[in-house]
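**Student:** Kindly generate the corresponding structure for this input.
(2 chains)
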Amino acid sequence: MAQRTAEDARPHGTRRPIVWLCLLAVWAGVAPGCATYSDRMKNARAATSAGEYAEGIEQLDKAIGVDEPDRIPDKFKSETALTILERGTLKQASETYASSARDLSAADKGLELLDIANDASGAIGKYVFSDSATKYRSSPTEKLALNSFNMLNYLAVADLSGSRVEARRFSVMQKYLSDFDPGSAHVAFGSYLAGFTLEKLGEYESAMRYYDEALQERSFESLRGPIERLSKRTDYRGKRISEFLAASGPLPAVADDDAELLVVVSVGRVPHKVPERMPIGLAVGAAGTYISGNPEVLGYSAMKFIIYPKLVPSESVIGSAGLQIDGRSAELELASNIGLEISREYEELKPRIIGAAVSRMIVRAAAAEGMRQAGNQESSGLGWALALLTEASMAAMDKPDTRSWIFLPDRVYLHRSRVRPGMREITIDLGSAGKRTTTVDLPKRGFATIVVTAPQ
Amino acid sequence: MKTVLMSILCLSLAASFACAPRAMRGGEGTENPGMDQPAMSTTLDREDINFLVSRNLEALYASRFWTQEISAMRKPPIFAIWPIQNATSEHLDDQMLTLLSSIETSLINTGLVQVVAKSQQEALAREIGIQQGAIYDPSQAVRLGRQLGARYFVTGKVTAVDERIQKTRRLQYSLFLQVIELETGLVKFQNETTRSKALKG
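**Tutor:** As a prediction, this is how the structure comes out:
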């Protein structure tokens, strides 16, 4: 009886909008607007998960707009640099290191230009109409990981000069980040690889500085021997190096002509972003309407969506990795948990991401209110319809920024040991993703780097 | 009607030509003499290499070592050019080749010295088993230089101070050039030339 009274008391023209409301709420909630970056990467992700890297590269070529995997487009659009970065990762997984190095270098340059470019309109757009209005800016972890993975491309072919350049770029970026964003990303395996590169080039003090950085993040058992040896060639002692040396016991004897083997295994994929449309107003509005019997409550709140990119774990077929050298098991130690670093970064940024999403929701509400007022001058029904249409359309156009380095491996493991020169058989067990076996001829006092990247 | 259609066709053709990429020739003696002047990126371009090499070699040719020792020799001494190390944060493979070739060309054209071909050096380095990473080691250079019968070797390093602040990245490149006497290991000549490049937002 009370409900009927409330219904009778409704202003003229508000019954029809209830139907509109429900339809529009459903539409705005599900309409993705244009596809987001993570949507466009869906096919490449599926191919990569199946270990079909060539197919994944083909999908990425399509996204970049080239017909050959070695081509870099003349003109970079907003996502080109990021997509080339993805392609470079899959090329490393396919063991085409020179081509991967070219892609990662091109992506590095492209991302640097995006970083340096002014983006005032994008910054405004992010708070007004769409989350992905800005130019893509890679996260600190991504920036450092890029140079680290590119070091691997050069080390895999024993190009120390090229690896040294990447080590320098890694340092420049690290310094920039520590100046402007202290306490941000570490990517310890990058410091480890930079140290390894400089040690092999005979730049012992610089090598020790990088090892000191790596030890800041985790205690690398595999560094005991190298640091002990380097401590006889350079006086540099960082805080962690001193602690490390103090805690070191006697080391096993090694022959002078022993070679050194470095195995770097990168598996899994870091968490990626997916579009999230949270209908915060719909539940409140429905409850309010139920309690008060006044559908106006629902009309005002139904289109109140918070639209933002949510970080979700990536599906991974590789749990852990194993290593055998000449049929004997060898230890792989965790060098970097990049996925954890990406999650930490996201959590730190989340208040800002949600803040921007709320700001856009307020802008949509204000625009809808303006349309309602204008429409109401003709009839209240028109005002309602215009307000709902405006808010729903703007919500559909708000494209969550799901751009991130999707194929960035989640964890990096490494093994380093002194071995006798000659032919060695290295087998890496990737669980359900299979085994990879490679043979390497180690020269006396030389070295070899085995790189296995499996973003599956 | 015909005139209208013809006009539309002409306009379309003109528009298509206006949008198509156009190749052009540039440099001295062409219609675009200043084409090489603008910086396209922070990496070293031909202009930078010419500047760094010519300044260093001008200093070499004006040095006492050159005017009093080399010019006075009856038999042109043999020079070997050792790879110049890229100690920058930029991949400069092509640029390093250009740089080495420029130095080689200039030295040969003085007519005062003989230069060992680079290919011969590389083959010998492989032959005498110079290890990975040891290519820039001066002691290895001495070893190789002696085998090549060289009296001097020219070596050096390109370094760069790379800094980034907010919307600006600046690279300050330096080319260090050294001439070392193989027999004594003495540095007979050394010079440094610098050039900066920046990218601003």
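**Student:** How far does the helix or strand that contains residue A:336 sit from its chain's centre?
**Tutor:** Here residue A:336, judged by DSSP states H and E, is contained in strand A:333-337. With Cα atoms, centre = their mean, to the nearest Å as the basis, strand A:333-337 stands 17 Å off its chain's centre.
**Student:** Could you do stretch A:250-265 as well?
**Tutor:** Going by Cα atoms, centre = their mean, where stretch A:250-265 is centred and where its chain is centred differ by 34 Å.
**Student:** next one: stretch A:264-276
**Tutor:** That offset, for stretch A:264-276, works out to 6 Å (Cα atoms, centre = their mean).
**Student:** Ok, stretch A:344-361 next?
**Tutor:** 17 Å.
**Student:** cool, stretch A:302-310 as well?
**Tutor:** On Cα atoms, centre = their mean, the centre of stretch A:302-310 falls 22 Å from the chain's centre.
**Student:** now swap in stretch A:79-87 and tell me
**Tutor:** With Cα atoms, centre = their mean, you get 12 Å for stretch A:79-87.
**Student:** ditto for stretch B:110-120
**Tutor:** On Cα atoms, centre = their mean, the centre of stretch B:110-120 falls 17 Å from that of its chain.
**Student:** and if you look at stretch A:419-438?
**Tutor:** 28 Å.
**Student:** Going by neighbour count, list what's buried in it.
**Tutor:** A:419, A:424, A:426, A:427, A:428, A:429, A:430, A:433, A:436 (16 or more other Cβ atoms under 10 Å in any protein chain shown). (C-beta placed from N, C-alpha, C; glycine too.)
**Student:** From the rest of the structure, what touches the helix or strand harbouring the fourth one?
**Tutor:** When you say that, I think you mean residue A:427. Following DSSP H and E, one finds residue A:427 within strand A:422-429. Strand A:422-429 is contacted by residues A:261, A:263, A:265, A:321-327, A:435-442, A:448, A:450, A:452 when judged by Cβ atoms under 8 Å, 6 or more residues apart in numbering or on different chains.
**Student:** what's the strand holding residue A:336 in contact with?
**Tutor:** Outside strand A:333-337, the residues touching it (Cβ under 8 Å, 6+ apart) are A:186-190, A:192, A:217-218, A:220-222, A:264, A:410-415.
**Student:** And stretch A:362-377, by the same measure?
**Tutor:** Under Cβ under 8 Å, 6+ apart, the answer for stretch A:362-377 is A:127-129, A:303-304, A:382-391, A:394-395, A:398.
**Student:** Identify the bridge partners of residue A:267.
**Tutor:** Using DSSP bridges, the bridge partners assigned to residue A:267 are residue A:411, residue A:454.
**Student:** My read is that it contacts residue A:409, right?
**Tutor:** Yes: using Cβ atoms under 8 Å, residue A:267 is in contact with residue A:409, at 6.0 Å.
**Student:** so what's in contact with those two at the same time?
**Tutor:** With Cβ under 8 Å, 6+ apart as the test, residue A:267 and residue A:409 both reach A:454, A:455.
**Student:** Compute the first-to-last residue distance for stretch A:423-441.
**Tutor:** Distance across stretch A:423-441, first residue to last, is 4 Å (Cα to Cα, to the nearest Å).
**Student:** residues contacting residue B:161?
**Tutor:** B:171, B:172.
**Student:** Can you say which helix or strand has it in it?
**Tutor:** Using DSSP H and E, residue B:161 falls in strand B:152-165.
**Student:** Leaving out chain neighbours, which residue sits closest to the residue of the stretch 301-450 of chain A found nearest chain B?
**Tutor:** Of all residues in the stretch 301-450 of chain A, residue A:446 sits closest to chain B, at 5.7 Å by Cβ to the nearest Cβ. The shortest distance from residue A:446 to any non-neighbouring residue, by Cβ to Cβ, 6 or more residues apart in numbering or on different chains, is to residue A:259 (5.1 Å).
**Student:** what's across from that neighbour in the sheet?
**Tutor:** Under the criterion used (DSSP bridges), residue A:259 bridges to residue A:419.
**Student:** For ChimeraX, what selects the buried ones among the contacts of strand A:333-337?
**Tutor:** Selection of buried members from these for ChimeraX, criterion 16+ other Cβ under 10 Å:
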select /A:186,187,188,189,190,192,217,218,220,222,264,410,411,412,413,414,415
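**Student:** tell me which residues in the helix or strand residue B:123 falls within are buried?
**Tutor:** Residue B:123 is part of helix B:118-127, with elements assigned from DSSP H and E. With burial defined by 16+ other Cβ under 10 Å, the residues of helix B:118-127 counted as buried are B:118, B:121, B:124, B:125.
**Student:** which residues sit against it?
**Tutor:** By Cβ under 8 Å, 6+ apart, helix B:118-127 touches B:80, B:81, B:82, B:100, B:104, B:135, B:140, B:144, B:147, B:148.
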